[in-house]
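Undergrad: need a 3D model of the following:
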Amino acid sequence: MNIRLPRMIGPLALIAALTGCDSADDEPKAQAPKAGAAAAGESGHSDGDRAESGVHAGDAAPDVRSGAEADHAEHAERLTLSAEEAVKAGVEVAALELRSVPATLELTATISANQDRLAHISPRVSGKLVQVMANLGDRVRAGETLALVDSIEIGTANAEYLQALSAAELARANLERAEKLNAEQIMAQKDYLAARNEAQQADAALRAAQDKLRLLGASSPQPESQAQSIYALRAPFAGTVIEKHAILGELATPEKTLFAVADLSLVWIEANLFEKDLPRVKRGAQARVLVTAYPGESFPGRLTYISDTVDRETRTVQARVEVANRDGRLKPGMFATANLQTAELTEALTVPQSAVVLLEGKLVVFVQEGNAYEARNVQPGFQAGGQVQIVDGIHRGERIVVDGAYELKARLLKSQMGEGHVH
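TA: A predicted model of the protein is given here:
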């Protein structure tokens, strides 16, 4: 079975993990390395990782480098250590071999806002926009005021509330006096019952006025205040203003959306699955998302939805991947490529996660050549179970540092800062 796999899967999640424990590096993210002549994926095998979503990697290939790789090797960062120094540094080396990992399925996709965290905001009653606070692109807090609307209906409702409040207070005072007189048997029973009934009716009218204000989206005014006709449009949750149609001085109506607020910390990657691919993927599968705006990087996600219906025209099924987007770099409307982990297995090159370190903003693996250790830029794919798939940068059979990479990195940085020298 031929499985077409993506050419580039970036190291975003791995960078985050490495940055947390490797504060010596200043740059926040890795860059894509130069591709070698024996780039992963050319053999026709598809790749992945064991518990994360899979990724392509190269088949067995001769250790012959292209001109670009040769040029890279001439300028590569290298350290030379004696056998005793390597043992003292805790350096362990192993040959890079193929392992069986889950294959991937590549889908063309589009980024959209999380529809469960998207709100279109409009007034509940008509009114004039007298102040607009929020602008397009603003990040707002839950309950933050977006605009102020002056509405005759709100003013009328406030006046009715204040009138009902005053009537209720008077009725309660009359009832208290009637209760005292009734207790002393000075007031007739029918007069006492009338006072109690009047107080109950006044309380009911007050509650109705409060409910009306609540339904209109306004708050109850204070007893000593005058009736107000201005009320606030507020953000229902924290998010970003992605649409704005509010113009100062215009008439706002319930039929017109003034703002759209979206929580973009989690976005949807919407794609279509062909019928023939349905048996290969399941909900919950790991995924990697790539966008052209950030070449060499990938964003981890999870397949959360597969439609129960098939489109009659395209013969495809709608699928959705959810991806964390806390830094806001993924924008709704972007085109993307989603690589889903499948139940099929293929062979790929993998290394222990401890072998991959962040050096000057690039992910590298130390490759042993005699007594020298070369910091080689690599293109990682999926990672799981302590293993990282290597898409490009090193080849099968090369000897890599599987333990002690951080010690080699520290020595290399020390030599570059002039505090030491490379042996």
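
Undergrad: what helices or strands is the longest helix along the chain leaning on?
TA: For the chain, the helix with the greatest residue count under DSSP state H is helix 152-183. In terms of contacts (3 or more C-beta pairs under 8 Å, 6 or more residues apart in numbering; DSSP states H and E), helix 152-183 is packed against strand 127-132, helix 189-215. Where you see a C-beta, it was placed from the backbone N, CA and C, and this is true even at glycine.

Undergrad: let me know the outermost residue of this protein.
TA: Distance from the C-alpha centroid of the chain peaks at residue 186, with 73.1 Å (C-alpha atoms, centre = their mean).

Undergrad: any weak-confidence spans in the stretch 201-350 of the chain?
TA: 222-227, 296 (pLDDT under 70).

Undergrad: chain center to stretch 147-160: distance?
TA: How far stretch 147-160 lies from its chain's middle: 39 Å, per C-alpha atoms, centre = their mean, to the nearest Å.

Undergrad: what does that stretch contact?
TA: For stretch 147-160, contacts defined as C-beta atoms under 8 Å, 6 or more residues apart in numbering pick out 123, 125-134, 209, 212-213, 216, 218, 221, 227-233, 246, 252, 258-259.

Undergrad: now the buried members of those residues.
TA: 123, 125-129, 132, 134, 209, 212-213, 216, 218, 221, 228-233, 246, 252, 258-259 (16 or more other C-beta atoms under 10 Å).

Undergrad: still on that earlier bit, any idea how far residue 176 is from the residue farthest from the centre of the chain?
TA: Distance, residue 186 to residue 176, using C-beta to C-beta, to the nearest Å: 14 Å.

Undergrad: do residue 221 as well
TA: Distance, residue 221 to residue 176, using C-beta to C-beta: 25 Å.

Undergrad: cool, and residue 344?
TA: Distance from residue 344 to residue 176, by C-beta to C-beta: 81 Å.

Undergrad: the more surrounded of these two?
TA: residue 344 (16 against 11; other C-beta atoms under 10 Å).

Undergrad: tally of neighbours for the closest residue to the more buried one other than its chain neighbours?
TA: The shortest distance from residue 344 to any non-neighbouring residue, by C-beta to C-beta, 6 or more residues apart in numbering, is to residue 103 (4.4 Å). Neighbour count for residue 103, taken as other C-beta under 10 Å: 26.

Undergrad: again, but for the one 5 residues further on
TA: Residue 108 is flanked by 10 other residues according to other C-beta under 10 Å.

Undergrad: list the buried residues of the host helix or strand of it.
TA: Element membership for residue 108 (DSSP states H and E) is strand 98-113. Buried residues in strand 98-113, counting neighbours by 16+ other C-beta under 10 Å, are found at 98-99, 101-107, 109, 111-113.

Undergrad: ok, stretch 153-165 next?
TA: 153, 154, 155, 157, 158, 159, 160, 161, 162, 164, 165.

Undergrad: off-centre distance for it?
TA: Taking C-alpha atoms, centre = their mean, one finds stretch 153-165 lying 44 Å from the centre of the chain it belongs to.

Undergrad: got it, and stretch 114-128?
TA: With C-alpha atoms, centre = their mean, you get 23 Å for stretch 114-128.

Undergrad: how about stretch 123-139?
TA: Using C-alpha atoms, centre = their mean, the offset of stretch 123-139 from its chain centre is 27 Å.

Undergrad: alpha carbons of it, as CSV, please.
TA: Provided in CSV are the C-alpha atoms of stretch 123-139 (Å, rounded to 0.1, in the frame of the first residue of the first chain):
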residue,chain,number,x,y,z
PRO,A,123,-28.4,44.6,21.4
ARG,A,124,-31.7,43.1,22.6
VAL,A,125,-33.5,46.4,21.9
SER,A,126,-33.0,49.2,19.4
GLY,A,127,-31.0,52.2,20.4
LYS,A,128,-28.4,54.7,19.4
LEU,A,129,-24.7,53.9,19.7
VAL,A,130,-23.3,56.6,22.0
GLN,A,131,-19.9,55.1,22.7
VAL,A,132,-17.8,52.3,21.2
MET,A,133,-14.9,51.0,23.2
ALA,A,134,-13.8,47.8,21.5
ASN,A,135,-11.9,47.8,18.2
LEU,A,136,-11.2,45.0,15.7
GLY,A,137,-8.5,42.7,17.0
ASP,A,138,-8.8,43.8,20.7
ARG,A,139,-8.5,41.1,23.3
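
Undergrad: now do the contacts for residue 144.
TA: By C-beta under 8 Å, 6+ apart, the neighbours of residue 144 are 134, 234, 235.

Undergrad: likewise for residue 100?
TA: Residues near residue 100 by C-beta under 8 Å, 6+ apart: 345, 346, 347.

Undergrad: burial of the last one, as a residue count?
TA: The criterion is other C-beta under 10 Å. On that basis, residue 347 has 20 neighbouring residues.
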